[in-house]
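Visitor: Build the 3D model from these lines:
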Amino acid sequence: MGIHGEPQIEVQSGKVAAMAGGSQESGRSVTSKVLGILEVFETTRRSMSLTEISAHSGLPLSTTHRLVGELVDWGFLSRGPTGRIQLGLRLWAIAQNAGRQLRETARPFVQDLFSLTGETSQLVVRDGVNALYIDRVYGSKRIPRASRVGGRLPLHATACGKVLLAYEEDWVRQGYLQRTLQQPTLHTHANPERLATELSDVRAQGYATTFEEMRLGLCSIAVPVFHTGKIGCSIGLVLPAGQASAMNRHLPVLNGIAAQIQRATAHIPLETLLGSIIDPLPPAPPEH
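Guide: Numbering: from 1, shown residues only. Model (predicted):
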């Protein structure tokens, strides 16, 4: 143990190994441990005890205590009056830069979509096998919330996600269909053959819909937003399930807003516009 109780740093075979209390948790770097702690908060909004964080991250309590303390000092986590831990404002501030160009450029149009329809409006990009919600304007109607800004949902269970998947390259779509598809509700289209047919229909008609596929009581409709001939993002509406039969009346507004976003973002390179997108799908096969 070094000065002030800091772990010693030992160099072995050109690699730096963090030594906590003279021992090292095998197979995990310090970076992996820190990210494991932060990842615990990705799917929950509540504060957590050190014991809970330790259990969910798979780290010893002593290591959790040390690393959480450092993250609190840096402002990435914060400690409440009862000692429970939650995400810190510094992490929130840094995260605002992710997807910032797309969000800030498209936000006035997403707000216009809400103003013209009165329905919850959202802007979505593909993040690997998930639909990542970049921006959302909530309507006043009381409907179940399936996600939030920064949240992720399976591509095949949302209208925005289906649009993104339908207009992706063939190898991406085929790779996705080979996965075991989640079925959040009994209405979710989780059969690969049926979903492949549906995605073909989405490309033909230019929009996608869902009915209670992500959460009961909800339906949705979405259209693509293109960038230099490729799918860039999608915009959509979420409505009470009782309005499913009338969803298509919003298509002229959705397509008009999509065209406006496309024009407003055309000068921004696609990779800059979207930022770094995690892609766990296999790479495109080489051309013969």
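
Visitor: Only C-alpha atoms from now on, for both contacts and neighbour counts.
Guide: Will do.

Visitor: Could you find the closest non-adjacent residue to residue 165?
Guide: In space, and not counting its chain neighbours, residue 165 is closest to residue 173: 6.1 Å by C-alpha to C-alpha, 6 or more residues apart in numbering.

Visitor: hang on, the one you found packs against residue 164?
Guide: No - counting by C-alpha atoms under 8 Å, residue 173 stays clear of residue 164, with 9.6 Å between them.

Visitor: how does this structure divide into domains?
Guide: 3-93, 100-274 (automatic domain parsing).

Visitor: For stretch 173-183, buried residues please.
Guide: 173, 176, 177, 181, 183 (16 or more other C-alpha atoms under 10 Å).

Visitor: and if you look at stretch 110-122?
Guide: So stretch 110-122, judged by 16+ other C-alpha under 10 Å, has buried residues 110, 111, 112, 113, 114, 118, 119, 120, 121, 122.

Visitor: from those residues, which ones fall inside helices?
Guide: If you go by DSSP state H, the buried residues of stretch 110-122 have 110, 111, 112, 113, 114 in helices.

Visitor: what comes into contact with stretch 102-113?
Guide: 121-123, 134-137, 235, 253-254, 257, 260-261, 264-265, 273-274 (C-alpha atoms under 8 Å, 6 or more residues apart in numbering).

Visitor: and what of stretch 199-213?
Guide: Stretch 199-213 is contacted by residues 157-160, 162-163, 165-167, 183-189, 218-224, 241, 244 when judged by C-alpha under 8 Å, 6+ apart.

Visitor: for that stretch, the distance to its chain's centre please.
Guide: The chain centroid and the centroid of stretch 199-213 are separated by 21 Å under C-alpha atoms, centre = their mean, to the nearest Å.

Visitor: Report the separation between the two terminal residues of it.
Guide: In stretch 199-213, first residue to last residue: 15 Å (C-alpha to C-alpha, to the nearest Å).

Visitor: on that earlier part again, buried subset of the contacts of stretch 102-113 as a PyMOL selection?
Guide: A single PyMOL command suffices to select whichever of the contacts of stretch 102-113 are buried according to 16+ other C-alpha under 10 Å:
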select buried, resi 121+122+123+134+135+136+137+235+254+257+261+265+273+274
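
Visitor: confidence score at the residue nearest to residue 165?
Guide: Looking at residue 173, its pLDDT stands at 93.

Visitor: Check residue 91 too.
Guide: 67.

Visitor: ditto for residue 241
Guide: Predicted confidence (pLDDT) for residue 241: 92.

Visitor: Backbone dihedrals for residue 127, please?
Guide: phi -120, psi 90 (degrees, to the nearest 10).

Visitor: so where do the strands sit in the protein?
Guide: 8-12, 15-19, 77-79, 85-87, 120-127, 130-137, 152-154, 208-211, 218-227, 230-240 (DSSP state E).

Visitor: Minimum distance to residue 55: which of those strands has it?
Guide: strand 85-87 (14.0 Å; C-alpha to C-alpha).

Visitor: circling back to that earlier point, and the domains of the chain, which is most packed in?
Guide: domain 100-274 (a mean of 19; mean count of other C-alpha atoms under 10 Å).

Visitor: how far is it from where the chain is centred?
Guide: 12 Å.

Visitor: low pLDDT regions in the protein?
Guide: 1-27, 43-45, 90-101, 140-150, 270-288 (pLDDT under 70).

Visitor: what do you get if the cut-off is 80, keeping everything else the same?
Guide: 1-28, 41-46, 87-104, 139-151, 267-288 (pLDDT under 80).

Visitor: Let me see the ranges of the helices in it.
Guide: With DSSP H as the criterion, the chain has helices at 30-39, 50-57, 61-74, 89-95, 100-117, 159-166, 170-177, 192-205, 251-265, 270-274.

Visitor: Compile those helices into a markdown table and extend it with columns for distance to residue 211.
Guide: What follows is these, written out as a markdown table (distance: least, C-alpha to C-alpha, whole Å):
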| stretch | distance to residue 211 |
| --- | --- |
| helix 30-39 | 31 |
| helix 50-57 | 33 |
| helix 61-74 | 42 |
| helix 89-95 | 32 |
| helix 100-117 | 19 |
| helix 159-166 | 9 |
| helix 170-177 | 20 |
| helix 192-205 | 13 |
| helix 251-265 | 16 |
| helix 270-274 | 28 |
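
Visitor: That'll do, ta.
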